[in-house]
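**Q** Predicted model, plus sequence, below.
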Amino acid sequence: MRIGTSRRRWVVALAAVAAFTALAGCGGPAATPSSTPPSNPPSSPAGAPASDHLPAGEGTTAYPLTLVSPWGKTTLQKRPERIAIATGANDLDNTLALGVTPVWADDWQASYEWTTAAGSKKIERRGEVTDTIPVEDIAASKPDLIIAVQTDAGILEDAYPKLTTIAPVLTVEKPSWDVTWQETVRLIGATLDLTKRADLVISDVDAKVTAAAQAHPEFRGKSLAFVLWLQGNEKLTFRSFQGSPTSELLAKLGFAEAPSASKFSRDNLFLSAENYALIDADVVLIASPKAQFDKLLKTPTFATVPAIAQKRYALIDLSVEKELGWAVSWPSALSVPWFLGKIVPPLADRLR
């Protein structure tokens, strides 16, 4: 997601739906799509060859699949080949991580360093997802599956009836910005007959996080607050709120939540100057342009926060690392390995 544009201002203002649940009717793992028994024997993709867009099928998913949403059902008759990503969050990251190349995606998401490295330049068509989904542009890519998992329910609800006239839609019963990357990878993998590959992606990323935690025992039990200066809104936001994907990642690195983490949520992120004391923790990770951070240091309510006054903070300079603050705010299967090496060393320096 981009920072400092009108598009991202509405993103952080939208209220998030609280939880992710599996597609209805499924008797298997939580992230497995439901499958309605067909009148004919199910089609098995065993031996389905690799294509320009997908790796070879594993033969573990039977089609047809019934894909359930809050607004109705669609049916995926066979393994899809042309995938469109109809969200501006991390569905693209988590699809590319599976070795799948979509035929349509949000241009900004496809331009990040980590998505580019994963092959986003091969995407046939790009557009822009804002507070609306560009249905006609997506239709022009001729998808046979549309993915919309990590998004706001209201945005998807408006577009869902039109999207279903184009292709089956893979979403969840409660779409949310905070569906975790692990849940999304499992869901997409199960839908595309790539369950084993999804498990490998998750275990590989988790292993990198575990290795970082083991290499830095000084993180264990220390409280950490991650705050982001939101350009465009020109305000400080508290991103490691209780239950957030960022907070869960930091916990795996060994960190405890900041004392005030429970006071914030996806729809309550912003900090006013009189509340800057709420960012205090054993260590504070701050994502802000250096010039803006210098201005904050001249604000008494910020400068007197104990972690700031005692220099127990690490600065992500967004004038240099323009994408890093947003990557930490919205972890994905691709962004986590990308940013670990950028945030772990400065955090370790502050705790030595």
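**A** Yep, that arrived.
**Q** Quick check: Ala212 vs Phe264, distance?
**A** Using CB to CB, to the nearest Å, one obtains 25 Å as the distance from Ala212 to Phe264. Every C-beta, even on glycine, is put in place using the N, C-alpha and C of the backbone.
**Q** Compare those two (neighbour count), which wins?
**A** Phe264 (24 against 20; other CB atoms under 10 Å).
**Q** ok, now how distant is the more buried one from Phe226?
**A** 11 Å.
**Q** Show me the common contact partners of these two, please.
**A** Listed contacts common to Phe264 and Phe226 are Phe238; contacts here mean CB atoms under 8 Å, 6 or more residues apart in numbering.
**Q** Determine the set of other helices and strands touching the host helix or strand of Leu156.
**A** Under the criterion of DSSP states H and E, Leu156 resides in helix 153-163. Counting contacts by 3 or more CB pairs under 8 Å, 6 or more residues apart in numbering; DSSP states H and E, helix 153-163 packs against helix 135-140.
**Q** Note down every partner strand of the helix or strand just after the helix it packs on and its orientation.
**A** Next along the chain after helix 135-140, taking DSSP H and E as the criterion, comes strand 145-147. Based on DSSP bridges, the pairing partners of strand 145-147 within the sheet are strand 83-85 (parallel), strand 169-170 (parallel).
**Q** Packed most tightly, which of the ones you listed would that be?
**A** Scoring the strands paired with strand 145-147 by mean neighbour count under mean count of other CB atoms under 10 Å gives strand 83-85 as the most buried, with a mean of 30.
**Q** List the buried residues in the lengthiest helix in the chain.
**A** Longest helix of the chain, by residue count under DSSP state H: helix 195-215. Within helix 195-215, the residues scored as buried using 16 or more other CB atoms under 10 Å are Thr195, Arg197, Ala198, Val201, Ile202, Val205, Val209, Ala212, Ala213.
**Q** Check the spacing between the last one and Phe293 real quick.
**A** Ala213 sits 27 Å away from Phe293 when distances are taken as CB to CB.
**Q** hmm, back to that, nearest to Pro245, of the strands paired with strand 145-147?
**A** With CB to CB as the criterion, Pro245 lies closest to strand 83-85 of these, at 18.2 Å.
**Q** what's in contact with the closest one?
**A** 53-54, 91-92, 95, 100, 102-106, 109, 138, 141, 143-148, 166-167, 192.
**Q** Quick one: mean pLDDT over the helix or strand following that strand.
**A** Counting by DSSP H and E, the next helix or strand C-terminal to strand 83-85 is helix 91-96. For helix 91-96, mean pLDDT rounds to 98.
**Q** Strands of this structure, start to end?
**A** 65-69, 72-76, 83-85, 104-106, 125-127, 145-147, 169-170, 223-230, 235-238, 256-257, 270-271, 283-288, 313-317 (DSSP state E).
**Q** what's the angle from the helix holding Leu156 to strand 72-76?
**A** 50 degrees (axes from the mean of the first three to the mean of the last three CA atoms, to 10 degrees).
**Q** From the centroid of this protein, which residue is nearest?
**A** Asn90 (3.8 Å; CA atoms, centre = their mean).
**Q** you'd agree it is up against Ala327?
**A** No - in this structure Asn90 lies outside contact range of Ala327 using CB atoms under 8 Å: 9.8 Å.
**Q** where do the contact lists of these two overlap?
**A** In contact with both Asn90 and Ala327: Ser335, using CB under 8 Å, 6+ apart.
**Q** my read: Val68 touches Glu173, true?
**A** Yes - counting by CB under 8 Å, Val68 does reach Glu173; the two are 6.5 Å apart.
**Q** Looking at these two now, which is surrounded by more residues?
**A** Using other CB under 10 Å, the more surrounded residue of Val68 and Glu173 is Val68, with 23 against 15.
**Q** so how far is Thr195 from that one?
**A** On the measure of CB to CB, Val68 and Thr195 end up 18 Å apart.
**Q** Pull the contacting residues for the closest residue to Thr61 other than its chain neighbours.
**A** For Thr61, ignoring the flanking residues on the chain, the nearest one in space by CB to CB, 6 or more residues apart in numbering is Asp193 at 3.9 Å. By CB under 8 Å, 6+ apart, Asp193 lies in contact with Pro45, Ala48, Gly57, Glu58, Gly59, Thr60, Thr61, Arg79.
**Q** Thr246: neighbour count?
**A** Thr246: 20 neighbours (other CB under 10 Å).
**Q** That one: what's it in contact with?
**A** Phe226, Arg239, Ser240, Val328, Ser329, Trp330, Pro331 are the contacts of Thr246 under CB under 8 Å, 6+ apart.
**Q** hang on, isn't Pro289 packed against Leu315?
**A** No - shown here, Pro289 and Leu315 do not form a contact pair, counting by CB under 8 Å, at 9.8 Å.
**Q** Who has more neighbours out of these two?
**A** For Pro289 and Leu315, the more surrounded residue by other CB under 10 Å is Pro289, and the numbers stand at 19 against 15.
**Q** Relative to Glu113, how far out is that one?
**A** Applying CB to CB to Pro289 and Glu113 gives a distance of 18 Å.
**Q** swap in Pro245?
**A** When Pro245 is compared with Glu113 (using CB to CB), they lie 19 Å apart.
**Q** Looking at these two, which has the bigger crowd around it?
**A** Pro245 (24 against 16).
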